[in-house]
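Q: Show me the folded form of this:
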Amino acid sequence: MKRVLVVGGVAGGASAAARVRRLDESAHITIFERGPHVSFSNCALPYYLSGVVASSERLLMMTPEKFKSNYNIDVRPQSEVVAIDPAAKRVKVENRADGTTYTEGYDVLILSPGASPIVPRSITGTDGERVFTVRNVVDIVAIKEYIDTHGVENVAVVGGGFIGLEVAENLVHAGKQVTLVEAAEQIMAPFDYDMVQMLHKELCDNGVELIVSDGLKAIGSDGITLNSGRTVPAGAVVLAIGVAPETKLAKEAGLDIGTTGGIKVNQHYQTSDPSIYAVGDAIEVYNSLTHTPTRLALAGPAQRQARAAAEHICGIPSRNKGVIGSSVVRVFNLNAACTGLSEKAAKAAGIPCDFAYVIPGDKPGMMPGSAPMHFKLVYEVPTGRILGAQAIGKGDVVARVNTVAAMITMGADLEDLKELELCYAPLFSTAKDVVNFAAMVGLNTLYGTVKQVPVTAVRSLVEQKATIVDVREVPEFEAGHIVGAINVPLSQLRERMEEIPKDRPVYLHCRTSQRSYNAARALLGAGWTDVYNISGSFLGLSLYEWYNDQTTGREKIVTEYNFR
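A: From the prediction side, this is the model:
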């Protein structure tokens with residue numbers, strides 16, 4: 001009888017244990033969980049604060065009793081593995097309820113300790129009673145109880161990642177005044193700066209006071225102080241700065257640690273000791289796009305790792321294709337999803353790349369609920385290999401990004417994505433779906449059919465008094481336009497071409513870059529040579545410039561904003 005011990009439950013440990021049981025009915029399987037709950041929904045924790053998840057019990061997925069009755073797995077909550085003896089193949093366990101300790105032997109050990117929230121102890125006040133982190137059910141219950149019991153109205157959330165955003169949103173829905181503080185220049189690091197601006201605006205539009213480029217310096221009795229010296233009133237503080245892999249057990253057992261700080265594993269998720277496996281947030285994984293080690297604290301990869309490890313334990317081979325990183329978050333009325341590499345990540349990895357930024361409707365305009373979808377597709381130059389995608393909008397961004405994630409996994413390029421046959425009906429999408437459209441735009445740029453400049457370059461163009469031609473119709477132009485732009489509507493372009501100079505670069509835009517692309521093709525066909533389409537056009541530029549104008553007070557380059 002094979003003795004399999006699992007350290008930690010939730011996505012990694014519980015999934016591994018269940019898979020071993022399905023493959024080996026004779027195995028003796030024990031899960032040690034230091035907390036009171038062995039299986040719960042990490043990702044749903046913030047929604048308890050607003051009442052979307054009505055009770056903390058709803059967050060629980062499986063109880064020890066169900067594990068025993070359904071899988072014949074021995075689950076021991078409040079039991080912390082405090083030491084591993086690899087030579088003797090034994091672990092030391094502390095019963096956190098009574099403080100007693102005992103040892104347990106194993107044939108195979110699976111480590112799934114997860115990652116712990118980062119709490120910078122060098123910052124004054126982080127150990128206060130009104131300072132919280134979010135990792136488990138106990139944590140989220142403690143936050144809600146404290147806020148309710150003490151009548152807290154102002155909450156500071158430090159950190160603009162997934163947890164920080166979800167906590168902030170749910171606290172707003174609970175009627176609280178929320179300040180979100182992010183030390184970097186933007187929230188949501190997996191997104192590019194040009195895309196994330198609409199999330200910044202969405203937070204502000206829904207009452208969140210957003211502070212970026214300013215980190216936490218100290219926590220006082222009635223608020224927080226930032227590095228800039230600015231003070232923010234707060235009756236409670238939630239730290240969502242990030243997470244660090246829990247590697248203490250592994251280090252003390254002499255297991256190898258990777259260059260990223262996670263537990264080093266091979267393609268089967270074995271550690272440097274072949275009898276010990278590790279999965280989940282604590283390990284170092286392989287990024288299949290950059291071909292480098294990385295860490296990825298997401299439930300989906302953790303479950304796949306758990307399955308692969310369990311299968312190897314039971315003698316079943318599996319392929320390890322690495323990770324690409326796919327995720328989604330809702331920010332009030334906007335959905336934001338991404339996969340693979342952003343433009344900045346690709347460049348940081350030394351991968352030559354370009355992108356297509358398109359803003360088509362997520363369904364035909366006559367259909368109820370139709371809305372713009374901002375979609376950025378990143379690809380390798382000159383191969384056209386798809387590297388990543390980001391989508392933000394009110395509609396189904398997940399379906400579009402999941403499509404690209406599948407294509408990345410299959411090693412597809414822009415031609416493959418252009419030809420991808422997808423479902424269509426007006427209630428769900430357009431006949432030429434967002435992803436197909438983005439691939440076509442990317443191919444136009446890759447093949448040199450049209451040249452483009454990003455919205456990030458427009459301010460410089462305005463300052464240089466470059467020739468910017470707005471091809472929207474007159475009422476659109478009058479409602480708001482780029483300072484210094486010339487209005488030559490597409491409908492009048494062929495009659496007014498003489499107004500557009502040939503002796504210098506010409507930069508075209510419309511609302512979403514589609515009409516301006518047609519204008520660029522017309523000009524190129526009529527003898528113009530130095531013509532550029534502004535990728536993202538007026539809608540993308542308006543969102544990009546809006547938040548910067550609010551925070552910097554600099555001179556506006558857009559006379560009025562139109563986000564429709």
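
Q: elements contacting the helix or strand hosting Pro293?
A: Per DSSP states H and E, Pro293 falls inside strand 292-294. Judged by 3 or more CB pairs under 8 Å, 6 or more residues apart in numbering; DSSP states H and E, strand 292-294 is in contact with strand 285-287. Any C-beta I mention is one placed from the backbone N, CA and C, and that applies to glycine too.

Q: Stretch 302-318: how far from the chain's middle?
A: 26 Å (CA atoms, centre = their mean, to the nearest Å).

Q: hmm, who's touching it?
A: 4, 11-17, 19-20, 23-24, 108, 110, 112, 268-270, 277, 279-281, 283, 285, 320 (CB atoms under 8 Å, 6 or more residues apart in numbering).

Q: Return the members of the residues you listed classed as buried.
A: Neighbour-count burial (16 or more other CB atoms under 10 Å) applied to the contacts of stretch 302-318 gives 4, 11-17, 19-20, 24, 108, 110, 112, 268-270, 277, 279-281, 283, 285, 320.

Q: Among the residues you listed, name the ones in strands.
A: Val4, Val108, Ile110, Tyr277, Val285 (DSSP state E).

Q: Can you tell me which of those residues is closest to Thr445?
A: Val285 (32.0 Å; CB to CB).

Q: neighbours around the residue lying closest to Met195 once chain neighbours are set aside, how many?
A: Spatial nearest neighbour of Met195, excluding adjacent residues (CB to CB, 6 or more residues apart in numbering): Gln390 at 5.0 Å. Neighbour count for Gln390, taken as other CB atoms under 10 Å: 29.

Q: Can you verify Gln390 is assigned to a strand?
A: Yes. Gln390 forms part of a strand when assessed by DSSP: H, G, I helix; E, B strand; the rest coil.

Q: For it, which residues are in contact?
A: Gln390 sits in contact with Pro190, Phe191, Asp192, Met195, Ala336, Ala337, Cys338, Ser342, His374, Phe375, Lys376, Val401, where contact means CB under 8 Å, 6+ apart.

Q: same thing with Gly325?
A: Gly325 neighbours (CB under 8 Å, 6+ apart): Pro190, Asn287, Thr294, Leu296, Leu298, Cys338, Thr339, Gly340.

Q: picking that back up, and the pLDDT for the residue nearest to Met195?
A: Gln390 is assigned 98 on the pLDDT scale.

Q: Now for Leu226: which residues touch it?
A: Per CB under 8 Å, 6+ apart, neighbours of Leu226: Val181, Ile211, Asp214, Gly215, Leu216, Lys217, Val232.

Q: ok, what's across the strand from it?
A: Leu216 (DSSP bridges).

Q: With Glu495 as the reference, measure out to it.
A: 56 Å (CB to CB, to the nearest Å).

Q: what number of residues lie near Ile257?
A: 17.

Q: Just to check, it is in contact with Glu246?
A: No. Ile257 lies out of contact with Glu246 (CB atoms under 8 Å); the separation is 11.7 Å.

Q: who's in contact with Ser228?
A: So Ser228 contacts Asp214 (CB under 8 Å, 6+ apart).

Q: Quickly name whichever of the contacts of Gly325 is closest to Ala156.
A: Pro190 (23.4 Å).

Q: Run through the protein and note the low-pLDDT ranges.
A: 551-553, 564 (pLDDT under 70).

Q: Number of residues surrounding Val91?
A: 23.

Q: Export the contacts of Gln390 as JSON lines, with columns for distance to Asn95, neighbour count and secondary structure.
A: Shown next, in JSON lines, are these (distance: CB to CB, whole Å; neighbours: other CB atoms under 10 Å; DSSP: H, G, I helix; E, B strand; the rest coil):
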{"residue": "Pro190", "distance to Asn95": "40", "neighbour count": "23", "secondary structure": "coil"}
{"residue": "Phe191", "distance to Asn95": "44", "neighbour count": "25", "secondary structure": "coil"}
{"residue": "Asp192", "distance to Asn95": "49", "neighbour count": "24", "secondary structure": "coil"}
{"residue": "Met195", "distance to Asn95": "49", "neighbour count": "26", "secondary structure": "helix"}
{"residue": "Ala336", "distance to Asn95": "43", "neighbour count": "27", "secondary structure": "strand"}
{"residue": "Ala337", "distance to Asn95": "43", "neighbour count": "26", "secondary structure": "strand"}
{"residue": "Cys338", "distance to Asn95": "43", "neighbour count": "27", "secondary structure": "strand"}
{"residue": "Ser342", "distance to Asn95": "46", "neighbour count": "26", "secondary structure": "coil"}
{"residue": "His374", "distance to Asn95": "52", "neighbour count": "25", "secondary structure": "strand"}
{"residue": "Phe375", "distance to Asn95": "53", "neighbour count": "28", "secondary structure": "strand"}
{"residue": "Lys376", "distance to Asn95": "51", "neighbour count": "26", "secondary structure": "strand"}
{"residue": "Val401", "distance to Asn95": "45", "neighbour count": "26", "secondary structure": "helix"}
